[in-house]
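> sequence? don't have it. structure:
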């Protein structure tokens, strides 16, 4: 379920779905680098409950060994994961 | 089946109960209010098991329905007039996402001048939003549309939201005897909603994403094709509906005495009953007149309309709508259908009922006279054309 960069291929008429729903994590470009703050997981507090996974609008969170992980290639720094975390295990830190 | 004495709003609420939506989100607005009041009572008393979400606006009402529909819930909302316009941003969202939401719209005028009474300018202004649009003539048809709309909207080949329109007050607040089907009948007719896009952690999906120029037009083309395919699913739904409930509707449109008619009045909604009555009385005086009622205007019944009026000498379009600076939008659509079908006959537009203004027997008799003897292309009833 971890998103990964796909080889960009051309989508034709037949591959285009009827509705705006498609396999999650189908990413063909890395983000453009305009993130100003980034979420940082505190592994000691994280219990792997997956709330942040469910709420992440970009699908960049995965869980490994019961701890959340963030793919910074695709995270845009919105902070929803930090807000939703009931254990305050995600802090937003300034990008340098 | 039980006979009940119900208003249009109440009958529609009964139909929605039978369809068992899992999520209802709505904001009250006259003359739609009674629909959501009844549904909230049904949820409260336990006769309808549904998540009833009290939202703070129509924009949120449809947004909630979109969210719930996106992950596989059967959803319902209802609105009217300014409320429909307030949720307008979300209408193409629902259609583009192909979320089969059913919405009842109580047709009501739009401000200014402020007015709560019925005309059809609210829904007709949203014709291009990608929703199926149907217009009921009476409360019974309203209830039946509540069931049929889910069948059509959720059909796997269609997956498109559906707006059912009831004339404000004239239908929503007048009472008639309505056959209310049993839950068993409704369940036989309407299968459970299934989507491939249910929330599934093992097979996660992105929903409601962006599509740039490279793909956007393909989505729009497919949306258009789905609306066109809806024509055959409407026929399929009505056939199945007739088998189970014993009531037969005419599909995209219904004709009355049109087979040998020279002069045909085309209209939609509750005014049709009166038009048929006047047609009867003119027939008794030897006038060969007929009536077409458009039940659906999206998808538009181009071929069906052409078949109904091809032998007529002239047609009139009576509508509670005006596209300012041009003509009534139904008239535009009818003329386009005639032109595309190679039917070259006179057509006249009669604009009436704006802001709830009554259209009288005499007005309709006058309209038939003008169709026969000629009129301006666009005529405002009560100002430019009047039966007195």
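That came through fine. Remember, it's a predicted structure, so these values are computed and weren't measured experimentally. Numbering: from 1, shown residues only, chains lettered A, B, ... in the order given.

> Quick check: residues of chain A near chain B?
Counting by Cβ under 8 Å from any Cβ of the partner chain, the residues of chain A close to chain B are A:1, A:11, A:13, A:16, A:18-26, A:50, A:59. All C-beta atoms are positioned from the backbone trio N, CA, C, and that covers glycine.

> redo that, cut-off 7 Å
Within chain A, the positions near chain B by Cβ under 7 Å from any Cβ of the partner chain are A:1, A:11, A:13, A:16, A:18, A:19, A:20, A:21, A:22, A:23, A:24, A:59.

> Please report phi then psi for residue B:283.
Phi and psi for residue B:283, reported as degrees, to the nearest 10, are phi -60, psi -40.

> what about it, how many neighbours?
14 (other Cβ atoms under 10 Å in any protein chain shown).

> Tell me which residues touch it, please.
Residues in contact with residue B:283 (Cβ atoms under 7 Å, 6 or more residues apart in numbering or on different chains) are B:257, B:289.

> I'd like to know how far it sits from residue B:347.
Look at residue B:283 and residue B:347: by Cβ to Cβ, to the nearest Å, they are 21 Å apart.

> Can you list the residue ranges for helices in the chain?
With no chain named, the answer covers chain A. Taking DSSP state H as the criterion, chain A contains helices spanning A:51-55, A:80-84.

> wait, I meant chain B there
Counting by DSSP H, chain B has helices at residues B:8-19, B:33-45, B:58-70, B:81-86, B:90-96, B:121-124, B:139-154, B:183-189, B:213-245, B:272-284, B:302-309, B:329-340, B:361-373.

> Mean pLDDT for those - can I get that in CSV?
Shown next, in CSV, are the helices of chain B (pLDDT from 0 to 100):
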stretch, mean pLDDT
helix B:8-19, 98
helix B:33-45, 97
helix B:58-70, 97
helix B:81-86, 98
helix B:90-96, 97
helix B:121-124, 98
helix B:139-154, 98
helix B:183-189, 97
helix B:213-245, 96
helix B:272-284, 98
helix B:302-309, 98
helix B:329-340, 98
helix B:361-373, 97
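
> so which of those helices gets nearest residue A:33?
Of all the helices of chain B, helix B:213-245 sits nearest to residue A:33, with 22.8 Å by Cβ to Cβ.

> could you give the angle of that closest one to helix B:139-154?
Taking axes from the mean of the first three to the mean of the last three Cα atoms, to 10 degrees, helix B:213-245 and helix B:139-154 form an angle of 140 degrees between their directions.

> At the geometric centre of the chain, which residue sits there?
The chain I'm using is chain A. Centroid-nearest residue in chain A, with Cα atoms, centre = their mean: residue A:60, separated by 1.5 Å.

> ah, no, chain B please
Geometric centre of chain B, nearest residue: residue B:134, 2.2 Å, by Cα atoms, centre = their mean.

> thought that residue was touching residue B:145?
Yes: with contacts counted by Cβ atoms under 7 Å, residue B:134 reaches residue B:145, the gap being 5.8 Å.

> between these two, what contacts are shared?
With Cβ under 7 Å, 6+ apart, residue B:134 and residue B:145 have common neighbours residue B:164.

> where's the residue nearest to the centre of chain B relative to chain A, distance?
Applying Cβ to the nearest Cβ, to the nearest Å, the value for residue B:134 to chain A is 22 Å.

> per-residue confidence at that residue?
In this model, residue B:134 is scored at 98, pLDDT.

> for residue A:6, same thing?
Residue A:6 is assigned a pLDDT of 66 by the prediction.

> again with residue A:3
Looking at residue A:3, its pLDDT reads 60.

> For residue B:65, which residues are in contact?
B:23, B:25, B:75, B:77, B:101.

> Oops, could you answer that again for residue B:303 instead?
Here residue B:303 is in contact with no residue (Cβ under 7 Å, 6+ apart).

> give me that answer again for 10 Å
For residue B:303, the contact set (Cβ atoms under 10 Å, 6 or more residues apart in numbering or on different chains) comprises B:231, B:252, B:337, B:340, B:341.

> List only buried entries from these.
Using 16 or more other Cβ atoms under 10 Å in any protein chain shown as the burial test, these include B:231, B:252, B:337 as buried.

> since we're on the residue nearest to residue B:204 when sequence neighbours are not counted, how many residues are nearby?
Among residues not flanking residue B:204 along the chain, residue A:24 sits closest, at 3.8 Å (Cβ to Cβ, 6 or more residues apart in numbering or on different chains). Counted with other Cβ under 10 Å, the neighbours of residue A:24 add up to 17.

> Please produce JSON lines containing the helices of chain A, extended by mean neighbour count.
Shown next, in JSON lines, are the helices of chain A (neighbours: other Cβ atoms under 10 Å in any protein chain shown):
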{"stretch": "helix A:51-55", "mean neighbour count": "17"}
{"stretch": "helix A:80-84", "mean neighbour count": "17"}
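
> looking at those helices, which one has the lowest mean pLDDT?
helix A:51-55 (a mean of 93).

> chain center to that one, what's the gap?
Distance of helix A:51-55 from the chain centroid (Cα atoms, centre = their mean, to the nearest Å) equals 9 Å.

> What of stretch B:339-348?
Here the centre of stretch B:339-348 is set off from its chain's centre by 25 Å, with Cα atoms, centre = their mean.

> Thanks a lot, see you next time.
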